[in-house]
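Colleague: Based on what follows, work out the 3D shape:
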Amino acid sequence: MTDQAPAPYAGPERVLSGVQPTGDLHLGNYLGALVKFARLQHEIETFIFVADMHAITEFQDPAKLKNQVREIAAAYLATGLDPKVATIFAQSAVPEHAELAWVFNCVARVGWVDRMTQFKDKAGKHKERSSVGLYTYPVLQAADILIYKATKVPVGEDQRQHLELTRDIAQKFNNDFAAPGYFPLPDALTQGPGARVMSLRDGTAKMSKSDPSDQSRINLTDDADAIASKVRKARTDPDPLPETAEGLEGRAEARNLVAIYAALAGTTEAAVLAEFAGQGFGAFKPRLADLAVSVMGPIGGEMRRLLADPAEIDRILGAGAARAREIAVPTMAEVKKLVGFWAG
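Modeller: Here you go, the predicted model:
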């Protein structure tokens, strides 16, 4: 929100992302994020966390939360993240996230946070009943990113506004405390095709772990039978598949299944339509079911194997938190000096 041109950031390139431990991860999470994290870890220094602090902006059962954190960590590992390459950790295990968030709460302006549409969407007509954390969690997101001085953040359309807030906070901090280029102004990392997978029951709604219908999504923990059954029962229409993408206009469910096939097969929607043009879903769905089982089935099996050994998951998360703090602790120490906090 400042007019001064930002000084360039000269530090290392890093990418950071996180997933909340609420509900089951599904095909949309896999195609939209997880499979891409596995690739990114070999291209750029990667920090991937389980966002348990964000999760409690709405009440979570404490008895379940720890196991849900382990489940997200298992999903990271099962989909190809290597804890020897990427830094995998639980957000709450690195207290510098919360410490920096308070400083940023004092840097960010109320008007900036008021403009965040996600709070309005989630709070609805009862914002006075929502937690203060739900209102300020975009500021915590900024701290999540900037405590590691991450330069790239994978975001969907619903999070772009929050990334812009992060950039505004970073620039204002740098200006306010005469530290040009101290924090980077992180850029969005576009996720590409497959990033927006729609519900199997409603092609106009995004696949979601909060959907009450389990038939609307393929969970990462589903076995082969469940995956095949959900594909067979997915909503479609009576018309055959067209030759070109233009023929999918107004056919949300058909477009969704074609997009899923293309993403799972690592090909284009045009190639899928070229193969199946003129065929009905009686022919297409069995092929999609076989493909989904071949890709997603092993992930579910690996997750179940990992979750049977929670001590090993905890060890990996603990080692990741220690690595994360190697970056977070000196960053926070420097922030305290810049702000003028007493150091004894």
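Colleague: Averaging pLDDT per element, find the lowest-scoring helix or strand in the protein.
Modeller: When each helix and strand of the chain is scored by mean pLDDT, DSSP states H and E, helix 117-123 comes last, with a mean of 71.
Colleague: so for the helix or strand in which residue 325 is found, what's the average pLDDT?
Modeller: Residue 325 belongs to helix 310-339 when assigned by DSSP states H and E. The average pLDDT within helix 310-339 is 98.
Colleague: can you give me the strands for the stretch 1-150 of the chain?
Modeller: Along the stretch 1-150 of the chain, counting by DSSP state E, counting those that start in this stretch, strands occupy 14-19, 45-50, 87-90.
Colleague: And for the stretch 201-344 of the chain?
Modeller: Ranges of strands within the stretch 201-344 of the chain: none, based on DSSP E, counting those that start in this stretch.
Colleague: Any stretches of it with poor pLDDT?
Modeller: Within the stretch 201-344 of the chain, not a single segment meets pLDDT under 70.
Colleague: And the helices in it?
Modeller: 224-233, 252-265, 269-276, 281-307, 310-339 (DSSP state H, counting those that start in this stretch).
Colleague: Tell me what angle the helix holding residue 325 forms with helix 281-307.
Modeller: Using axes from the mean of the first three to the mean of the last three Cα atoms, to 10 degrees, the inter-axis angle of helix 310-339 relative to helix 281-307 is 80 degrees.
Colleague: Let's see the pLDDT reported for the nearest residue to residue 197 once chain neighbours are set aside.
Modeller: Leaving aside its chain neighbours, residue 197 sits nearest to residue 28 (3.7 Å; criterion: Cβ to Cβ, 6 or more residues apart in numbering). To be clear about C-beta, it is placed using only N, CA and C from the backbone, and glycine gets the same treatment. The model reports residue 28 with a pLDDT of 91.
Colleague: Next: residue 125.
Modeller: At residue 125, pLDDT is 68.
Colleague: Can you list the buried residues in stretch 201-220?
Modeller: Residues of stretch 201-220 classed as buried: 201-203, 206-209, 211, 216-220 (neighbour count, 16 or more other Cβ atoms under 10 Å).
Colleague: wait, which of those residues is closest to residue 152?
Modeller: Proximity of the buried residues of stretch 201-220 to residue 152 was ranked by Cβ to Cβ; the top entry is residue 206 with 23.1 Å.
Colleague: Bridge partners for the closest one, pull those for me.
Modeller: Beta-bridge pairing for residue 206 (DSSP bridges): residue 198.
Colleague: My guess is it contacts residue 200. True?
Modeller: No: using Cβ atoms under 8 Å, residue 206 is not in contact with residue 200; the gap is 11.6 Å.
Colleague: pLDDT weak spots in the stretch 1-150 of the chain?
Modeller: Scanning the stretch 1-150 of the chain for pLDDT under 70 picks out the ranges 1-6, 120-125.
Colleague: Quick check: the residue nearest to residue 197 vs residue 147, distance?
Modeller: Residue 28 sits 28 Å away from residue 147, taking Cβ to Cβ, to the nearest Å as the criterion.
Colleague: Now the residue sitting nearest the centre point of the chain. Nearest residue, chain neighbours left out?
Modeller: For the chain, residue 19 is the residue whose C-alpha lies nearest the centre (Cα atoms, centre = their mean; 4.8 Å). Leaving aside its chain neighbours, residue 19 sits nearest to residue 72 (5.4 Å; criterion: Cβ to Cβ, 6+ apart).
Colleague: thought the one you found was touching residue 50?
Modeller: Yes: using Cβ under 8 Å, residue 72 makes contact with residue 50 at a distance of 4.5 Å.
Colleague: quick one: common contacting residues for the two?
Modeller: When Cβ atoms under 8 Å, 6 or more residues apart in numbering defines a contact, the residues bordering residue 72 and residue 50 alike are 19-21.
Colleague: just to revisit the earlier point, of residue 28 and residue 147, who's got more company?
Modeller: Set side by side, residue 28 and residue 147 show more neighbours around residue 147, with 27 against 24, by other Cβ atoms under 10 Å.
Colleague: Would you check that the more buried one makes contact with residue 332?
Modeller: Yes: Residue 147 is in contact with residue 332 according to Cβ under 8 Å; the separation is 6.8 Å.
Colleague: can you count the residues close to residue 341?
Modeller: When neighbours are defined as other Cβ under 10 Å, residue 341 has 11 of them.
Colleague: contacting residues for the nearest residue to residue 300 once chain neighbours are set aside?
Modeller: Leaving aside its chain neighbours, residue 300 sits nearest to residue 221 (5.2 Å; criterion: Cβ to Cβ, 6+ apart). Contacts for residue 221 (Cβ under 8 Å, 6+ apart) come out as 24, 71, 300, 303-304.
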